[in-house]
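K.L.:
make a model of this:
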Amino acid sequence: MNRAVISGATSMLGAALVEECLRHSIDVIAIARRNSPRLDRLPRSDRIHLIECDLDELKSFEPSDGGADAFYHFAWGSTGRDADGNDLRLDPERQMLNIEHTLDAVRLAKRFGCRKFLFAGSQAEYGPNDRPLDRNTPIKPTMAYGVAKYAAGRLAEMLCRSLALDFVHMRILSVYGINDGANTLISYLIRSYLNNQRPQLTAGEQLWDYLHADDAARCFRLLGECNAAQGVYNIGSGCARPLRDYVEIIHRLTGSTVPLIFGERPYAPNQVMHLEADIGDLRRD
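P.N.:
Next comes the predicted model:
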């Protein structure tokens, strides 16, 4: 792969992939939202060509030059909360817009001359499970976000087929690292313990699969380069540990003197108790 297009290039995963591409001398066309406050996440490099383009502009954007090999689509709207604190991932109408934007991205990939379209899906497509996730795991999403991710992926695959583009659906589990959101569990724990504050914790019995953003980016790059890569891949470490193990590691590494207390916080409704990727297909291909 000599050149990659990355939409959502200033997201945690997008920025990690930009860095990964640069390490391997791959030129990057980085698509970011107009006036994004996250543009400083992109390194200064002659190998990066920045395009500021909102999601609703993907449909009409015309590249000034083509010749890219792979198009990675990380951009996704309405993942935070509205002014009243409502979780936008539960809003069907907001999430439906992302399906249209994904199909616009597929057509844009074709205009760029790409041979492959790689879609950033989510473990939310599966819903709660009690076993490792593989490409044959039944799809039972419990929130509009997961439904929209699944629908966008399936429709994008069909459109790719009609446009003679290879398609890869990357179902991403729990990734952490630089540029992670402030409200993720890892960020919350680190911030709490560094400030000698005691976080409110569940019993921590959930089995969880965490992967660092740099390792995820390596997976993304290799999936873009590998001719055999097609269809669905679950992106994780392939190894699940009790969540309390991660809490204990962070507590130790931060040197916190706050006592470790588990079980003060009840599990959320529909709490996922087992999140683990079967990465056999990923390793093989």
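
K.L.:
show me what R241 is bridged to.
P.N.:
W208 (DSSP bridges).

K.L.:
correct me if wrong: it contacts Q206.
P.N.:
No - with contacts counted by C-beta atoms under 8 Å, R241 stays clear of Q206, the gap being 9.7 Å. C-beta: built from backbone N, CA, C; applies to glycine.

K.L.:
overlap in contacts, these two.
P.N.:
Residues within reach of R241 and of Q206 at once, by C-beta atoms under 8 Å, 6 or more residues apart in numbering: there are none.

K.L.:
which of those two has more neighbours?
P.N.:
Q206 (18 against 15; other C-beta atoms under 10 Å).

K.L.:
how far does the strand or helix carrying A216 sit from its chain's centre?
P.N.:
According to DSSP states H and E, A216 maps onto helix 213-225. Helix 213-225 has its C-alpha centroid displaced from the chain centroid by 11 Å (C-alpha atoms, centre = their mean, to the nearest Å).

K.L.:
ok, now stretch 28-35?
P.N.:
That offset, for stretch 28-35, works out to 17 Å (C-alpha atoms, centre = their mean).

K.L.:
now do stretch 51-68
P.N.:
21 Å.

K.L.:
can you show me the CA trace of it as PDB?
P.N.:
In PDB, the C-alpha atoms belonging to stretch 51-68 read as follows (Å, rounded to 0.1, in the frame of the first residue of the first chain):
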ATOM      1  CA  ILE A  51      -8.900  17.600   3.500                       C
ATOM      2  CA  GLU A  52     -11.400  19.400   5.700                       C
ATOM      3  CA  CYS A  53     -14.800  17.900   4.900                       C
ATOM      4  CA  ASP A  54     -17.900  17.400   7.000                       C
ATOM      5  CA  LEU A  55     -19.800  14.100   6.800                       C
ATOM      6  CA  ASP A  56     -22.700  15.600   4.700                       C
ATOM      7  CA  GLU A  57     -20.100  16.800   2.200                       C
ATOM      8  CA  LEU A  58     -18.700  13.400   1.300                       C
ATOM      9  CA  LYS A  59     -21.400  12.900  -1.200                       C
ATOM     10  CA  SER A  60     -20.300  15.900  -3.400                       C
ATOM     11  CA  PHE A  61     -16.600  16.000  -2.700                       C
ATOM     12  CA  GLU A  62     -14.500  15.600  -5.900                       C
ATOM     13  CA  PRO A  63     -10.800  14.600  -5.300                       C
ATOM     14  CA  SER A  64      -8.300  16.700  -7.200                       C
ATOM     15  CA  ASP A  65      -6.200  13.600  -7.700                       C
ATOM     16  CA  GLY A  66      -6.700   9.800  -7.300                       C
ATOM     17  CA  GLY A  67      -4.400   6.900  -7.100                       C
ATOM     18  CA  ALA A  68      -5.100   5.800  -3.500                       C
END
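
K.L.:
so what's the spatially closest residue to Y233 that is not a sequence neighbour up against?
P.N.:
Computed as C-beta to C-beta, 6 or more residues apart in numbering, the closest residue to Y233 that is not its neighbour in sequence is L282, at 5.0 Å. Listed by C-beta under 8 Å, 6+ apart, the contact set of L282 reads 219, 223, 233-235.

K.L.:
quick one: list the elements packing against the lengthiest helix in the chain.
P.N.:
When the chain is parsed with DSSP state H, its longest helix is helix 92-112. Here helix 92-112 is seen to pack against strand 3-7, strand 70-73, strand 116-122, helix 144-162 when contacts are counted using 3 or more C-beta pairs under 8 Å, 6 or more residues apart in numbering; DSSP states H and E.
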